[in-house]
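Q: My questions are about this predicted structure, shown below with the sequence.
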There are 2 protein chains.
Amino acid sequence: MDNFKYSIPTEIYFGKGSIEGVGEEVCKFSKKVLLVFGSDRIKRSGLFDKISELLKLSGIELFELGGVKPNPRVDGVREGIGICRENSIGFILAIGGGSVIDCAKAIAAGVQYQGDVWDFFVKKAVITSALPIGAVLTLAATGSEMNGNSVITNLETQQKLAVGNPLLRPKFSVLDPEYTYSVPPEQTAAGTVDIMSHIFEQYFSPTPDTYLQDRLAEALLKTCIEFGPFAMKNRNDYNARANLLWAGTLALNGIIGLGKNGDWATHGIEHAVSAVSDMTHGVGLAILTPAWMKTVLDNKNVEKFVNLARNVWGVGDDGDDMIIAQKGIDETSKFFASLGMPLKLSEAGIEKRLLPVIADKATEFGTQGSFKVLNRDAVLKLLELAF
Amino acid sequence: MDNFKYSIPTEIYFGKGSIEGVGEEVCKFSKKVLLVFGSDRIKRSGLFDKISELLKLSGIELFELGGVKPNPRVDGVREGIGICRENSIGFILAIGGGSVIDCAKAIAAGVQYQGDVWDFFVKKAVITSALPIGAVLTLAATGSEMNGNSVITNLETQQKLAVGNPLLRPKFSVLDPEYTYSVPPEQTAAGTVDIMSHIFEQYFSPTPDTYLQDRLAEALLKTCIEFGPFAMKNRNDYNARANLLWAGTLALNGIIGLGKNGDWATHGIEHAVSAVSDMTHGVGLAILTPAWMKTVLDNKNVEKFVNLARNVWGVGDDGDDMIIAQKGIDETSKFFASLGMPLKLSEAGIEKRLLPVIADKATEFGTQGSFKVLNRDAVLKLLELAF
């Protein structure tokens, strides 16, 4: 186990009705707030009006940045920065899923920076200050509500890049499982895959002796497997939505990755895929994850795959470790298929000629992964396996 | 799942050598520090000198309160309060295990309170301010290093009582697994039982639909079972000590108990036992836990016991749920015995005539437990079963 430093200062308000204190929370920071949101779902459901009303009751002046898309664009971030500067806004409240929260974080980072916000993503600059932000989560997937990470897409340069900084951690996040009732089955499925992928990225680590972290990761994986399909069929099941929502947060608030390196190759490659195709993040991950597993599995790391097979998928047979490991990978594929995910890049509309482009893009800043290091050729082979 | 509010602002420094930043951390709060510690173990090991030196290098003035005993006494707390007041001390650093940290918390709570600190424990007063504290942990067991709880014993009134308040959460805690190398096998065993009991108290909950929390609890239980006995035999095994140390923190920093009620009857009864006998906390818990399990198990709650048997102890047989559940309880007993724990109160030197006294004491503020509510007579029967 490696050394680590850890705290989670984000205040989580979890459960039905927990939005009620939002006005009081925001007032701790500013009376001028930018609301960042995406689709009309939160307007149709009445959530947007409800939150606006609560904030106005606390005497807060509201500004809006709507229309944030999945794979949020740097253009929107720049627009938000402009609104904040023009109106001396002191707090940003994201209402939505990961894209909306990530967009809010990038705005928060950019407001007090003289240069262009994209500098942070291409490592030309480091974030040294940020506006405080809060989040009202409407989708179980991201983990962004309790960490300092943001992933933004630049269509001009066809890049989808991440930045992480403790300054970007939300001051508070409201997690009401009822707000996820309106998430349609296909998005519930994609969210479930996203959560599982966050867990896999930390589970498959080159760091030895992380028994505790691995068992915690398996606990979260089992929760996704138990409640993902159930929530797809039973949209308004509070229990399923609650377990899934909290699993999404714990999967990426740092706790299961403490004291170990993550791999993150699958995410790195998926970011390259969705930079050129705008594919739904969870769909890309569902296709790439089994291909990644098959690519990296070998005799030296087979134990981790055996643990996955036995502890998560309940593969009970005796026999050769490599066969048990393969069964675990097959179960993972089958589960994603059962959620209605495509299993191949070709099924998801990616043209074969794009594979080298994606491989280039995925390795433009170096190799991918740490559980097993993948260079450009290895990434291309993985993509061909996933095609 | 119930609603909850959560954050963990305590900064954790985990791993070998992580003490190095202690001076800088303490300086954020005060240049006058009370060091609270217990046995001579930390003096013999050189840890005390090391920390003193680091603090002095940061220009910090040191005061000492040593000799804190297991089941820390309110007398020592009052002494510490006196030292803090006389010297205008602004920070308390606990170096030790749960008793030392709990003592430091009680001092922190009492310094700015006009009345007697015991008022907080008998609910005559509520904590409204506290000095900031930090902790350097030398024993895997308590969880006190990342929560706001303190348990103090009053020998005069023969009471061992708890208080909890977010103001008492350490600002930072240093967790270096190497500091636990010197913990002898019998204390390692008692610590392992203590951690497992903290988990059981939250696992056995009347709140339905807490799948995720239950799987996390099982992950921590498995870690204790894997590494407790191993660390007893291999005192200087970094990996075993690291997994155990972090499991102890996660078992009681709140995370596995979110959104559900805990039971805490076993702890409540054990506090009554050790108030009249000064028994080691972990020993008392090892004796009482299986008796508690046998007392509360019934057809309505058997599923939780079946989960324990199957998911934690690996009981694989098919058959009647009640039989599987019993096997899980038997495995728990056997495991505690394998750690060298006595299985009966009589073996641990408790006289039979004390059982009604303990039952009275355990229920002096009301019934015990929530998974199943135990009145005074039920507690007495449990004690007789454990005798």
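A: Received the coordinates, thanks. Bear in mind the structure is a predicted one, so any value in this text is a computation, not a measurement.
Q: Residue A:248 contacts residue A:141, doesn't it?
A: Yes: counting by CB atoms under 8 Å, residue A:141 is a contact partner of residue A:248 at 5.5 Å. Every C-beta, even on glycine, is put in place using the N, C-alpha and C of the backbone.
Q: Give me the more crowded residue out of those two.
A: Legend: neighbour count by other CB atoms under 10 Å in any protein chain shown for residue A:248 and residue A:141, higher for residue A:248 (33 against 28).
Q: before we move on, which element is residue A:94 in?
A: Element membership for residue A:94 (DSSP states H and E) is strand A:91-96.
Q: what's that strand in contact with?
A: For strand A:91-96, contacts defined as CB atoms under 8 Å, 6 or more residues apart in numbering or on different chains pick out A:22, A:26, A:29-30, A:32-39, A:42, A:47-48, A:51, A:55, A:68, A:80, A:84, A:100-101, A:103-105, A:107-108, A:131-139, A:170.
Q: Output the lowest mean pLDDT helix or strand found in chain A.
A: Lowest by mean pLDDT, DSSP states H and E among the helices and strands of chain A is helix A:41-44, with a mean of 87.
Q: so after it, what's the next helix or strand?
A: Per DSSP H and E, the helix or strand that comes after helix A:41-44 is helix A:47-57.
Q: got the buried residues for that next one?
A: Residues of helix A:47-57 classed as buried by neighbour count (16 or more other CB atoms under 10 Å in any protein chain shown): A:47-48, A:51-52, A:54-55.
Q: Pick out the residue nearest the middle of chain A.
A: residue A:142 (3.2 Å; CA atoms, centre = their mean).
Q: what subset of the contacts of strand A:91-96 is also close to chain B?
A: Among the contacts of strand A:91-96, no residue is within reach of chain B (CB under 8 Å from any CB of the partner chain).
Q: List buried residues within these.
A: If we count by 16+ other CB under 10 Å, the contacts of strand A:91-96 have these buried: A:22, A:26, A:29-30, A:32-39, A:42, A:47-48, A:51, A:55, A:68, A:80, A:84, A:100-101, A:103-105, A:107-108, A:131-139, A:170.
Q: Out of these, list just those in strands.
A: A:32-37, A:133-137 (DSSP state E).
Q: Count the neighbours of the nearest residue to residue A:184 once chain neighbours are set aside for me.
A: Among residues not flanking residue A:184 along the chain, residue A:235 sits closest, at 8.0 Å (CB to CB, 6 or more residues apart in numbering or on different chains). Burial measure for residue A:235: 15 neighbouring residues, criterion other CB under 10 Å.
Q: Please name the residues that touch residue A:264.
A: A:201, A:368-370.
Q: Narrow these to those in strands?
A: Of the contacts of residue A:264, none are assigned to strands by DSSP E.
Q: Report the entries of those that also contact chain B.
A: Applying CB under 8 Å from any CB to the contacts of residue A:264, one finds that nothing falls near chain B.
Q: can I get those residues in a markdown table with pLDDT and neighbour count?
A: A markdown table is the format used below for the contacts of residue A:264 (pLDDT from 0 to 100; neighbours: other CB atoms under 10 Å in any protein chain shown):
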| residue | pLDDT | neighbour count |
| --- | --- | --- |
| A:201 | 98 | 27 |
| A:368 | 98 | 25 |
| A:369 | 97 | 26 |
| A:370 | 97 | 18 |
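Q: Show me where chain A has its strands.
A: Assigned by DSSP E, the strands in chain A fall at A:4-14, A:32-37, A:61-65, A:91-96, A:133-137, A:149-154, A:159-164, A:172-175.
Q: and the second one with strand A:91-96, angle?
A: When axes from the mean of the first three to the mean of the last three CA atoms, to 10 degrees is applied, the directions of strand A:32-37 and strand A:91-96 differ by 20 degrees.
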